[in-house]
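Visitor: Kindly generate the corresponding structure for this input.
(4 chains)
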Amino acid sequence: MVRSLGIISTANIENNFGVLCKHRPVYMLPYGGRYRLIDFSLSNMVNHGIRTVAVYTGEKIRSTMDHLGDGKPWDLNRRINGLYIVPPITQDYTISRYGDIPHFFSTLEFIEQVKEKVILINEPNIIAKVDLDDAMEHFLETDADITLFYKRIHDPLGNYINCEKISISEDGDMINIGLNLGTEIDFNMYLRMGYIKKEVFVKLVKESIEKGDADYIQEAIIKNRHKYKINTYEYDGHVENIRNLKTYYDANMNLLKRSISNAVFQENGVVLTKTKDEPSTIYTDSAQVQNSLIANGCIIEGKVENSIIFRGVRVGKNAIVRNSVVMQKSEILENASVVNSILDKQVIITEGVRIAGTRSIPFVVEKNQIIGRD
Amino acid sequence: MVRSLGIISTANIENNFGVLCKHRPVYMLPYGGRYRLIDFSLSNMVNHGIRTVAVYTGEKIRSTMDHLGDGKPWDLNRRINGLYIVPPITQDYTISRYGDIPHFFSTLEFIEQVKEKVILINEPNIIAKVDLDDAMEHFLETDADITLFYKRIHDPLGNYINCEKISISEDGDMINIGLNLGTEIDFNMYLRMGYIKKEVFVKLVKESIEKGDADYIQEAIIKNRHKYKINTYEYDGHVENIRNLKTYYDANMNLLKRSISNAVFQENGVVLTKTKDEPSTIYTDSAQVQNSLIANGCIIEGKVENSIIFRGVRVGKNAIVRNSVVMQKSEILENASVVNSILDKQVIITEGVRIAGTRSIPFVVEKNQIIGRD
Amino acid sequence: MKKGKIVAMLLAGGQGTRLKELTKNIAKPAVPFGGKYRIIDFALSNAANSGIEDIGVLTQYKPFILNSHIGIGTAWDYDRNVGGLRILQPFMSEKGGRWYRGTANAIYENMNFIDELDPEYVLVLSGDHIYKMNYNDLLDAHKQKNADVTIAVLTVPLEETNRFGIINVDDDNRIVEFEEKPKKAKSNLASMGIYMFNWPILREYLIKDNEDKTSDNDFGKNVLPLMLRENKKMYTWEFKGYWKDVGTVKSYWEANMDLLNPDNTLNLYDRDWRIYTRTRNLPPQYIHKSSKVINSMINEGCYIEGTVEKSVLFGDVIVEKGAVVKNSVILSNSVIKKDAKVYNAVVMEDVTVESGKEIGLDDGFKIYMVTNDKVVAE
Amino acid sequence: MKKGKIVAMLLAGGQGTRLKELTKNIAKPAVPFGGKYRIIDFALSNAANSGIEDIGVLTQYKPFILNSHIGIGTAWDYDRNVGGLRILQPFMSEKGGRWYRGTANAIYENMNFIDELDPEYVLVLSGDHIYKMNYNDLLDAHKQKNADVTIAVLTVPLEETNRFGIINVDDDNRIVEFEEKPKKAKSNLASMGIYMFNWPILREYLIKDNEDKTSDNDFGKNVLPLMLRENKKMYTWEFKGYWKDVGTVKSYWEANMDLLNPDNTLNLYDRDWRIYTRTRNLPPQYIHKSSKVINSMINEGCYIEGTVEKSVLFGDVIVEKGAVVKNSVILSNSVIKKDAKVYNAVVMEDVTVESGKEIGLDDGFKIYMVTNDKVVAE
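Guide: Here you go, the predicted model:
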């Protein structure tokens, strides 16, 4: 089997998430009751035999280091290979500080030195549990320099406007990548994921630095599309393309459908994350829970409907949580009510307080806030 | 036994080391053939039962992350406690970016939450293998808020000018800390190390942030010396106070004296470092080695005298290395000569080239340089 | 000798035959408990939380599940390079191979392991019990009395003394007599099988005991009485708190039900004394809109469409529509099919209770042990 | 079955009696070699460098040193949470405890371990040999022939065939006959004791072999010949490179001396195929100004004031002023005192050669084994 080097870089779309991304990069957003977005990328790679992963972080590095740590939950705490967390360079380079290419360039020695000859690039804000073995077979069989993954999307409602659209020739080669403006109901969405030969990757990075004509590797790939054999691989499983608050909220709510939660949680191996050693969740005699996904360590005494409840949350007596995402260790005290909302970690909604947003604009409460009566 | 939380912060004296600190903080300087300065601090702490260590890094974080990694060599790769690498904050704070206090402040939650009630502060550019158990006993018995460590120095030659001088009352309390200007031949050198009650530490950090009157914890301690019981603990072992290129070079050369190398390498437990899995060193039939400290993985075919040779160094036939520090994987090719010099990592001195400095101003070659004939 | 250093030796070889199906394929310490734990997690977590850095786990009987549960000790942070956790199985020397005979012999055969760590104290633990204890409290008492050995004891009802090793002490808590399962006990202090020894003393007595060909090489029966006869300084330290030796299916069921009592003293939600276990990395539990879940403890991976009342569900349990689970313990990966009813039962791992089937009575007193083959009333 | 997955089973229970003092307290795989290694490091490093992620190490005889050397496998990066390295000692089931009988029986008793990992291939290794091999080459050959088992072989001098298990093959390298230590061999291909099996086939034959009460449960003697009789597809793959089975003190000394030859084919300095070992965290070696050190391999922690020529010194060896060490192997922590002379010797660990003492002759042919008690010529 050909093993690839996993490279996780991060889409710079923090601004689309308001206070949720005030102190964390997008890939560190909590998701699905006990995970972070990056867990899905990392686990999918590890479950497909990838043993070396480089994570190119943004500026907000502390939460990343705390969560990924030594990579133990993913068995990436190796002496040889394993997990490399690469913080951004903060000095000494005269070239652009924007984009991922300067970061890749500053670690070319490492990239060239690892044994893997193929690189899997991906950005964890798109959850797609691609069968990487099958994709690798395609990559090798077609003898491509680059294979980009896409999913065919049927989008009559225009939910995917502004996603990236990949044009594909009849024999499966990439023609170009642009923005989907909704002119076609069916289009091929680029997953910002793909295999690339290491030598080609290195060449692209070096040339972009020399010419100064590309800040991002994706940009460099497109610019150089005539120089290399770039083809495509179709993924037909479930995709969440989390690119703003609304899609983040919807992606959580989607997990209440069993087919989607099975696809996200079960397909191609379990999702590994940092464990918190919480005991099971307790439902008292006053609990009323309906259509909700609930993590461990919670104590539920009130009413919970259509919601995603993270680890260690308390819902007091007669409290109501509906259509909401409640993150780790938040507390909704007696008689309080939380509707169409997203509570970040360790929020306290005090007794009797009611907060509500709408399904298209959920009400967001920043981490560590205590919401009392005014 | 009372366990303390180890806090390693870093003296901002990179400028004193020229190219050696171009890409690394002072505590990452290679030392003694196979170590980094920080190894001595870390190992001494771990060998005395400290199980939680926070390293507050400077801006040049990559070498730190690569060397410390998950803390495995020091058995600090724990789920509970263990090693915390804290990179500097890069945004969102309106307060001063200088000093260690803003960094401590940004992690107060972590500091308050760990179980340890006492903090050991220290800066790894001073090597002093203090018996931390004995010092702890003193700290507890005297019921001090802060106990600062010092060493009595006899300095007729003025080698320790500009080191910190601590004034001590008759009953061992700290009076003040100033600079040693050499007016007395014997003085008490402050080791920038000491125990401090966690509650006092937290209070000092918070007050300094509120008042804006101290950027460094050492500064805050001195400013508040009348508010707390601050006493002292005398250490009478060997000290290296590495504060510029000259003291760095001398500290290496000192290791050629057996009493000093025993004190530095053996006292209070072994020094742990990241292992490199180098085989033993080979001496060929043309090797001539005298009074030198040589790490593993070297191949010595030439002449080595009064030198410190790091791991994986090659010394070619008829080459001469004298009074020098040669770091990891450097090569001195045939007939070359290196005298009174410091070669950083992976330097190549090509055939027949001769370089030399003086014992007071050693010639320094930057990392990865190839020195050929002009 | 490293001053102050403790090595814990955790005896995990017990077969636990009275637990029937629960210990058919595993040793008693590996029996699942409390929704996500195995019994041994309590002793291991106590040791980890007490800051004990070196622990030997002595296994002998069917160690597969136990070994793969413990692994290299990662869950309890015992995957240390130096020291940490080691599983100690019997081994062979030039005198041939020898299995562990009694509890004391198991430690005797691993004296090498302890000597290498060179501790001042050896703490002998059993992997069979459910409790939370800070072993430092035991150590403090041990040091304070300057004892050779200190035994953790607890007060049991006088009518139950015949199930325990009873210890009689003087006013200073110094041990004066051991009584093994006495019918008429002089006191009601029962040994918990938790011993804090000074290693040099224990070492000496292990060798002595080993030389005695008539000995069963058991702590309670041989080594401790011998030490008492030879006038060693032996004290008790009284433990107060939840403690359970789940010896039978009934007491196993009860101990699980205890957890549903909001006032239970084994507080699993205490963040300062967590119980650690190997995680299965299951997704959160899902509670369907047609379900009713009250008074229950439910673990990750469960999918509940029916009714769950006063029950403990382990990971990945499915309760289908119309099914009822009440006063029951359901182990991992079991499925309660549509409209099935399960009352007062312990349902084993990987069991399917078929659609419409009824087990137990809502108002019955018997406990039912359920496997795929049979349902046995206790 | 996980496609393509390999589990290695490393047999490390051998006693190695002909190595005398070297194996007095340890199993042969734990014998120190090459300045800083133990023999088992070669097989373990080969496995790690070949990307094999799961390995069972089967120990039985005096496992203390081996267990503490291997620990949780950190040195070889095998301290994984899932899979990784496991030390497999004999254990007890309801049928009682059983020690491993032959090599095949050791694997048989741990079928559970392998089944849980669910591999396609099982690679059987021995911890007794010094060599560097990429096991993927063996696997490639195995796959290419679509074999049931592939045995690694090497060409030995015809006059030495009587020391080996000899294998006769047809033109396609398919095995047609096994000869155990034949006086007159038909070929000179010797089995290296390294077997790549398809796990389902091996599993079937382990069970068959176990049912045969007359079997010694040994791969070479029983299992492989049985497979051959039943016409399984058995192939050889020829290894070319340095290989040594250090069976005697003389060959042990020779193998160490081999390393001083600049053209030796066991290149320890190859950074692409490192040999890993547990590190002792010793400081660098110190070479004094009065010393002479040539043609030697010296490890960390050594302190050399005397003369060292054509020798291999392990960690923390002290050679005092005026002392001479020549053509010798000095194990860890030994001290050669002032003016002592050591020629053609293997000096055991922690030995002190007293001041002025002379061992061996500068121009002698005998090898001397030196302990604190005695000096024995071989």
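
Visitor: which residues in the stretch 1-150 of chain C form helices?
Guide: C:40-49, C:64-70, C:103-108, C:111-117, C:135-144 (DSSP state H, counting those that start in this stretch).

Visitor: rank these by pLDDT, which is bottom?
Guide: Least confidently modelled of those is helix C:64-70, at a mean of 83 by mean pLDDT.

Visitor: wait, is C:Asn333 part of a strand?
Guide: No: looking at C:Asn333 with DSSP: H, G, I helix; E, B strand; the rest coil, it is coil, so not inside a strand.

Visitor: Please report the distance of the residue nearest to A:Glu278 when sequence neighbours are not counted from chain B.
Guide: Counting by C-beta to C-beta, 6 or more residues apart in numbering or on different chains, A:Gly297 is the residue found nearest to A:Glu278 once chain neighbours are left out, at 2.7 Å. Any C-beta I mention is one placed from the backbone N, CA and C, and that applies to glycine too. For A:Gly297, the distance to chain B (C-beta to the nearest C-beta, to the nearest Å) stands at 16 Å.

Visitor: what's the closest of the helices of the stretch 1-150 of chain C to C:Thr155?
Guide: helix C:135-144 (15.9 Å; C-beta to C-beta).

Visitor: and that closest one, what does it pack onto?
Guide: strand C:2-11, strand C:119-126, strand C:149-155, strand C:189-198, strand C:234-238 (3 or more C-beta pairs under 8 Å, 6 or more residues apart in numbering or on different chains; DSSP states H and E).

Visitor: And the residue of the stretch 1-150 of chain A that's closest to chain D?
Guide: A:Arg79 (4.6 Å; C-beta to the nearest C-beta).

Visitor: Tell me if I'm right that A:Arg311 and A:Ile299 touch.
Guide: No: in this structure A:Arg311 lies outside contact range of A:Ile299 using C-beta atoms under 8 Å: 11.6 Å.

Visitor: the more surrounded of the two?
Guide: The neighbour comparison of A:Arg311 against A:Ile299 (other C-beta atoms under 10 Å in any protein chain shown) goes to A:Arg311, with 23 against 18.

Visitor: Let me see the contact set for the more buried one.
Guide: Counting by C-beta atoms under 8 Å, 6 or more residues apart in numbering or on different chains, A:Arg311 makes contact with A:33-34, A:276, A:278, A:295-298, A:328-329.

Visitor: Show me which of these is closest to chain D.
Guide: Of the contacts of A:Arg311, the one sitting nearest to chain D (C-beta to the nearest C-beta) turns out to be A:Lys276, at 16.1 Å.

Visitor: If you tally nearby residues, what's the number for that closest one?
Guide: Around A:Lys276 there are 17 residues (other C-beta under 10 Å).

Visitor: Kindly report the same for A:Glu210.
Guide: When neighbours are counted by other C-beta under 10 Å, A:Glu210 comes out with 9.

Visitor: And it, how far from chain B?
Guide: Taking C-beta to the nearest C-beta, one finds A:Glu210 at 20 Å from chain B.

Visitor: before we move on, what about A:Arg62?
Guide: Look at A:Arg62 and chain B: by C-beta to the nearest C-beta, they are 7 Å apart.

Visitor: Equivalent analysis for C:Arg80, please.
Guide: Counting by C-beta to the nearest C-beta - C:Arg80 and chain B are separated by 5 Å.

Visitor: Could you report the pLDDT at the residue nearest to C:Lys2 when sequence neighbours are not counted?
Guide: Spatially, and ignoring its direct neighbours in sequence, C:Lys2 is nearest to C:Asp118 (5.3 Å; C-beta to C-beta, 6+ apart). C:Asp118 is assigned 94 on the pLDDT scale.

Visitor: and C:Asp118, what does it touch?
Guide: Contacts here follow C-beta under 8 Å, 6+ apart; on that basis C:Asp118 touches C:1-2, C:5.

Visitor: Comparing the helices and strands packed on helix C:135-144 by mean pLDDT, which bottoms out?
Guide: For the helices and strands packed on helix C:135-144, where the average pLDDT is lowest is strand C:2-11, sitting at a mean of 92.

Visitor: which secondary structure elements does that strand contact?
Guide: helix C:40-49, strand C:54-58, helix C:103-108, helix C:111-117, strand C:119-126, helix C:135-144.

Visitor: at 7 Å what do you get?
Guide: For strand C:2-11, the elements it packs on are strand C:54-58, helix C:103-108, strand C:119-126, judged by 3 or more C-beta pairs under 7 Å, 6 or more residues apart in numbering or on different chains; DSSP states H and E.
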